[in-house]
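>>> need a 3D model of the sequence below.
(2 chains)
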There are 2 protein chains.
Amino acid sequence: MEGIGNAPAEERRRRLAIEGPTNPMVTPLLTDHYQYTMAYAYWKAGKHNERAVFDLFFRRNPFGGEYTVFAGLEECIRFIANYKLTEKEISFIRDNLPGKCEEGFLDYLRKVDCSDVEVYSVPEGSVVFPGVPLLRVEGPITVVQLLETTLVNLVNYASLVATNAARHRFVAGKSKILLEFGLRRSQGPDGGISASKYCYIGGFDATSNVMAGKLFGIPLRGTHSHAFVSSFLSPDEIIDKSLQSSDGSTTWEDFVSLVQNWSNKIQRSSLFSGNHGETNQSELAAFTSYALAFPHNFLALVDTYDVLRSGIPNFCAVALALSDLGYKAVGIRLDSGDLAYLSYEARKFFHAIEKEFKVPGFGRMSITASNDLNEETLDHLNKQGHEVDAFGIGTYLVTCYAQAALGCVFKLVEINNQPRIKLSEDVSKVSIPCKKRCYRLYGKEGYPLVDLMIGENEPPPKVAERILCRHPFNESKRAYVAPKRVEELLKCYWSGNTDKAREELPTLKDIRDRCMKQLEEMRPDHMQRLNPTPYKVSVSAQLYDFIHFLWLNEAPVGELQ
Amino acid sequence: MEGIGNAPAEERRRRLAIEGPTNPMVTPLLTDHYQYTMAYAYWKAGKHNERAVFDLFFRRNPFGGEYTVFAGLEECIRFIANYKLTEKEISFIRDNLPGKCEEGFLDYLRKVDCSDVEVYSVPEGSVVFPGVPLLRVEGPITVVQLLETTLVNLVNYASLVATNAARHRFVAGKSKILLEFGLRRSQGPDGGISASKYCYIGGFDATSNVMAGKLFGIPLRGTHSHAFVSSFLSPDEIIDKSLQSSDGSTTWEDFVSLVQNWSNKIQRSSLFSGNHGETNQSELAAFTSYALAFPHNFLALVDTYDVLRSGIPNFCAVALALSDLGYKAVGIRLDSGDLAYLSYEARKFFHAIEKEFKVPGFGRMSITASNDLNEETLDHLNKQGHEVDAFGIGTYLVTCYAQAALGCVFKLVEINNQPRIKLSEDVSKVSIPCKKRCYRLYGKEGYPLVDLMIGENEPPPKVAERILCRHPFNESKRAYVAPKRVEELLKCYWSGNTDKAREELPTLKDIRDRCMKQLEEMRPDHMQRLNPTPYKVSVSAQLYDFIHFLWLNEAPVGELQ
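Have a look, this model is predicted:
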């Protein structure tokens, strides 16, 4: 008995161990002002502890696609687990309410935390669809509303950019390396940090963002910039010219001259016949210098002056010199021009070098491309054909340039066990009332067929049982499904001070793996870039009837004149 | 003499008092990985202390316009003033370099700060143009490059969203109140906080973001949400029904009945003749409750069920009851539907109420509109005509949906007093070399005519003196200007440990005032939404010649075959 008795205490201790949000600016003040004015009005009306249920969902998939990757949950839970107003924050709220407030309200705010809140969520990294709750948050109405803006903020961009990353991965194909290079163009410092985290979940391999590497353990990548190249004037600048061989057995005293020799050989060879004069010497100095610093990881940006006439021959001179000492250069990065053409020409040159100078494997040198890449340009490159091995993607990826916002909303669906609906002249904006359970039904091919929402007290769908799935707002759209597999979508991730079991927060790697797996499990026609088939989202017959009963009940009746 | 002798110490003390960045995540690790790999390569080559000059600039105005508002400087200076790597950060860098690094480099990193860096900048809130440096950063090449990504990040989005706000202000007109409501849709938590700050600079009046109110003193605004309305079931829920009159002289015991009476009067009046049945009672209860909490600031969201049949009559019932007790209601917010039409109908109804019930001023009730507004929809509303007094703008404003990135770059223009150029096959990507001085030349009408860049050692342009201004890359574009006024654009905002005078960082209010003033001083044809005239950006004849000399010097010569 003692073991059981200890469990809640243990559970509480474990819960307390949930760290705060990654960004220390995510505090109870990171919310809309009206959450506090409403809090006061609820408190004044004595309604503040009424139990409410809210759904967080979005209405349309982004980027003209038919799927979305859900992300941001971990940060939501970290925020909720540590929710507590400080005395300073409470003073600020008091001073900024539009009118005097009673002391009792401030006492109430002092006690607010999430011990009475429960959060049910789709696991982070899942593929999700419009209208189905990503999070269902239950608790005292005031507390849940105070959370609203922050939760929506944390999920909106996270899911948007993870989806964008997944779409880039889809078009690039599995074999390519995808690098997120967006920090400098992201919408603020946190835009950058979030972008790196959620692009990794969506299928990127690494980031240039050092902070994201430190915070989340995402692999870091990067070489040098144009400024590095143009900061050198000539190879004479290099003072320490010695380089130990790869196996440590010898030291080559003048690596600079070795490079120079190779450069001369290349320029005298037939490979360079289309060119006049020598390559840019400031560039050659920069490459040599970079190789001296990182002989095991020599990767050069080759477009500061001229890719074919200078950058690539210079790179090859340094790579061949490194090869003499037993090192294998990594490759080049192209950051401008016709990437398909330049990658072909580079590859051709590498193969020719391999043949001319008998350096096995030189032709397989890695080619990284960057420069304002996005889904369209990747697709275009694929159609042209190219020799690129890795893509560095920044601006269009992290700012979600093609569609800069997802549009998640947070709607009241029940209060004191009374279902609530939000009407709108625009049917797509009518919310689905009731505390709901949500299921994904899989067909015999193993693909997900439809997501189904049912009222909390309805019997859950069972494998092989025929279930009528109805479009929530279109009377004529309905279908029977006898699922091969049924998966409940919403799991408990926060249970306040109750003893209800809750899911552990997975590691970032696990979230990424889940995302990759879920994307692969989708039926291909939902995923295609052009005219994808919409995935079906439905409600049970009983819930359908109830929605429409409530709608008629709440809407005033007009009189035409 | 003692006074002068003390000055540098005083200056140093003052400098130390510059607070760190608003977002504590803005640290030396918030940068691209390659800044550290380059730092090591510079150090290895013994080049790390070479004095470099970098320009931060953008290449194209955003949103199809011909102007940009510069913002983000204060955060840059806060970052620079406090730049220092911690031991933990240094370990992380060491562990993540692509190869072993020498201990000496780590010792070097331990000493890195910005005491040898100087920053010259256009004042924050200025109107700026493509190609002209916003910041000129000088210092040891390694240190300046370590700053690069962070500075670009801090300026890019700040300037983009400030420009977006200015464009929204331009189309809305000076008399309207503009409210930034974007937090929930912004790109991450900091996206929201930055958006609120920089939209205020660009001409917004207030924000819904409580954190931004606390950090920056921006006025806060907000009322209640749809959830607040639908959380009420009926007026019977309201427990404390009493309300003191505005002058404190009497207490009305049953404000709920007073509202109910007014509601009945309105519904029996000719004003309501187009409607059938009663208004939504849950909505009436919510409005009554909100008025009890904020009788001095009653503003109601009227579209939860039906604006004309329920929301507006319910609002009027509560507003009239408040009026009986000496309070003046603020107005309504419309969040869906045809905002132009609904605002007209609302205004008509308010005027009719004023007349029918003899309540002076009721017709002038404030109307706020929200719901996915942007520059286009504001323009469209203006063309339709409307009765809206205030606009709440979120998603499209803060995510800069029309163009989600500005594209600032940071280019090396000089090292060890040697001018440097970055070439590109795309002429618009060639950088303007040399450490430069920049001037804005004003014409006799008082408008700015042209921005002029000259080499550091050229004589500055003088009032009334004819100056040849040349397009930097188009030979044929040139013009003589005899300016009425000459303004130097770059001022010193950070002078390291030298005794050079530097500008104080202005308050947010001063930055906003500067922005408003500068926008007003522009010639109107640069500012118009449709086909604006490009503002001219030029170089001196001497700088023009030098650019093209350097270009020929650095570019390899091809040989056609």
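>>> what's the spacing between the nearest residue to A:S231 once chain neighbours are set aside and B:V398?
Counting by CB to CB, 6 or more residues apart in numbering or on different chains, A:S231 lies nearest to B:I415, which is 5.1 Å off, once chain neighbours are set aside. Backbone N, C-alpha and C define where each C-beta goes, glycine included. Distance from B:I415 to B:V398, counting by CB to CB, to the nearest Å: 39 Å.
>>> which one's more surrounded, those two?
Just comparing B:I415 and B:V398: by other CB atoms under 10 Å in any protein chain shown the higher neighbour count belongs to B:V398, 32 against 20.
>>> any idea which helix or strand in chain A has the lowest mean pLDDT?
Taking mean pLDDT, DSSP states H and E as the measure, helix A:2-16 is the helix or strand of chain A with the lowest mean score, a mean of 49.
>>> ok, then the element right after that one?
Downstream of helix A:2-16, the first helix or strand assigned by DSSP states H and E is helix A:33-44.
>>> residues contacting that following helix, please?
Applying CB atoms under 8 Å, 6 or more residues apart in numbering or on different chains, the external contacts of helix A:33-44 come out as A:48, A:50, A:93, A:96-98, A:101-102, A:104-105, A:108-109, A:141-142, A:145-146, A:148-149, B:207-210, B:213, B:220-225, B:228, B:231, B:240, B:289-290, B:292-294.
>>> can you list the low-confidence ranges for chain A?
Applying pLDDT under 70 to chain A picks out residues A:1-16, A:273-277, A:425, A:556, A:558-561.
>>> show me which helix runs longest in it.
helix A:141-172 (DSSP state H).
>>> elements contacting whichever helix or strand comes after it?
Counting by DSSP H and E, the next helix or strand C-terminal to helix A:141-172 is strand A:177-180. Contacts defined by 3 or more CB pairs under 8 Å, 6 or more residues apart in numbering or on different chains; DSSP states H and E place strand A:177-180 against helix A:141-172, helix A:188-201, strand A:206-207, strand A:390-393.
>>> quick one: closest of the ones you listed to B:C469.
Closest to B:C469 of those is helix A:188-201 (CB to CB; 35.9 Å).
>>> pull out the buried positions in stretch A:335-349.
The neighbour-count check on stretch A:335-349 (16 or more other CB atoms under 10 Å in any protein chain shown) flags A:335-337, A:339-340, A:342-344, A:346-347, A:349 as buried.
>>> stretch A:319-326 too?
Of all the residues in stretch A:319-326, those buried under the rule 16+ other CB under 10 Å are A:319-325.
>>> what residues does the stretch 251-400 of chain A put near chain B?
A:273-280, A:282, A:289-290, A:292-297, A:303-306, A:309-310, A:336-337, A:395-396, A:399-400 (CB under 8 Å from any CB of the partner chain).
>>> out of these, list just those in helices.
Judged by DSSP H, helices contain the following of those: A:282, A:289-290, A:292-293, A:395-396.
>>> residues contacting A:G46?
B:239-240.
>>> how about A:G385?
Contacts of A:G385 by CB under 8 Å, 6+ apart are A:340, A:344.
>>> for it, grab phi and psi.
Main-chain torsions, A:G385, degrees, to the nearest 10: phi 90, psi 140.
>>> what's the distance between it and A:D303?
A:G385 is 20 Å from A:D303, where distance means CB to CB.
>>> again, but for A:V210
Following CB to CB, the distance that separates A:V210 from A:D303 is 24 Å.
>>> one more: A:A52?
Using CB to CB, A:A52 is found at 57 Å from A:D303.
>>> tally up the residues packed near the nearest residue to A:E445 once chain neighbours are set aside, please.
Once flanking residues are discounted, A:E445 sits nearest to A:R523: 7.6 Å by CB to CB, 6+ apart. Neighbourhood size, A:R523 [other CB under 10 Å]: 15.
>>> got the phi/psi numbers for A:R523?
Dihedral pair for A:R523: phi -70, psi 130, per degrees, to the nearest 10.
>>> surely it touches A:Y447?
Yes - using CB atoms under 8 Å, A:R523 makes contact with A:Y447 at a distance of 4.1 Å.
>>> if we can go back for a sec, now render the helices and strands packed on strand A:177-180 as TSV, adding mean neighbour count.
Shown next, in TSV, are these (neighbours: other CB atoms under 10 Å in any protein chain shown):
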stretch	mean neighbour count
helix A:141-172	26
helix A:188-201	30
strand A:206-207	26
strand A:390-393	24
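>>> okay if I get the ones you listed as TSV plus distance to A:F357?
Listed next are those as TSV, based on distance: least, CB to CB, whole Å:
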stretch	distance to A:F357
helix A:141-172	32
helix A:188-201	39
strand A:206-207	31
strand A:390-393	25
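>>> quick one: closest of the ones you listed to B:L378.
When the helices and strands packed on strand A:177-180 are compared by CB to CB, helix A:141-172 sits nearest B:L378, at 23.2 Å.
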